[in-house]
Each structure stands twice: as structure tokens, then as C-alpha cells.
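*Asks:* Below: sequence and its predicted model.
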Amino acid sequence: MSVWIRRGLQAVNAVVVLAALAVLLAALTAAGAPRADAGGAQAAVAAAAVNGTALLGAAIAVGVSAIGAGIAVAYTGAAALAAMSERPELFGRAIVIVGLAEGIAIYGLVVGVILIQRA
């Protein structure tokens, strides 16, 4: 059963990493695209620079938080599995602790979504 838990956590981390790559791709492709509704060429360039900077910030927030969550889940997951091997009744508590470590990535994703909405 512990192998299934580890595989499930790895799948969740893979989804978060893929979301970070999608945000990074969006930031890199939208950074140089000027806006059509801007008044002049200079305003379009300034708006594109601000937009690209916000998207790049979102990508960094999601990517770094996903890496941090991966490191946290690696340590807490290993400790949780060791504790459950000795005392199987600690399953619920171990899942909660590993879930808290996974929350780091969710917070980064929320920050990324907020930054994208403001871009």
C-alpha cells in the first residue's frame, strides 16, 4: 500500500510541474507580443514588458514552489512511510503531514494564477 501512496504523490507532483511548465511557456511566448488595444507603439512595448514580467514572475512562483513541495514531500513521505511500517495506525496522520507539504505547491499555483490575472 505504501508504494501506491508514493506513486500517487509523485503523480500529483508531476501535474504541478506540468502546470509550472505551461505557465513558463505562456510567459515566454507572451513576453514579446504587443497589445493591439494600446495607443501607440511605445505604450504597446511598455504594456508587453509589464505583461511579460508578470507572467515570468508567475512562472517562477509556480516552478519554485513545485520544486520546494517536491523536496518537502520527499522527506516527509519517507518519514511517514517509515512510521507507518512500524505503526500502521499512523496512516491518517502521515497523510495529513504529507498533504501539508504538498500545500506549498498549491500556494505557488494560486500566486501564479493571481499574477496571471493581473497581467
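*Replies:* Good, I have the coordinates.
*Asks:* C-alpha only now, for contacts and for neighbours.
*Replies:* Noted.
*Asks:* Okay, helices next: where are they in the protein?
*Replies:* Along the chain, the segments classed as helices by DSSP state H run 2-30, 41-86, 91-118.
*Asks:* With mean pLDDT as extra columns, can I get these in CSV?
*Replies:* Listed next are those as CSV, based on pLDDT from 0 to 100:
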stretch, mean pLDDT
helix 2-30, 70
helix 41-86, 86
helix 91-118, 90
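*Asks:* Packed most tightly, which of these would that be?
*Replies:* helix 41-86 (a mean of 19; mean count of other CA atoms under 10 Å).
*Asks:* How far off centre is that one?
*Replies:* 4 Å (CA atoms, centre = their mean, to the nearest Å).
*Asks:* what do you get for stretch 103-119?
*Replies:* 8 Å.
*Asks:* Spit out the contact partners of Ser2.
*Replies:* Going by CA atoms under 8 Å, 6 or more residues apart in numbering, Ser2 touches Leu81.
*Asks:* How much space separates it from Ala54?
*Replies:* 40 Å (CA to CA, to the nearest Å).
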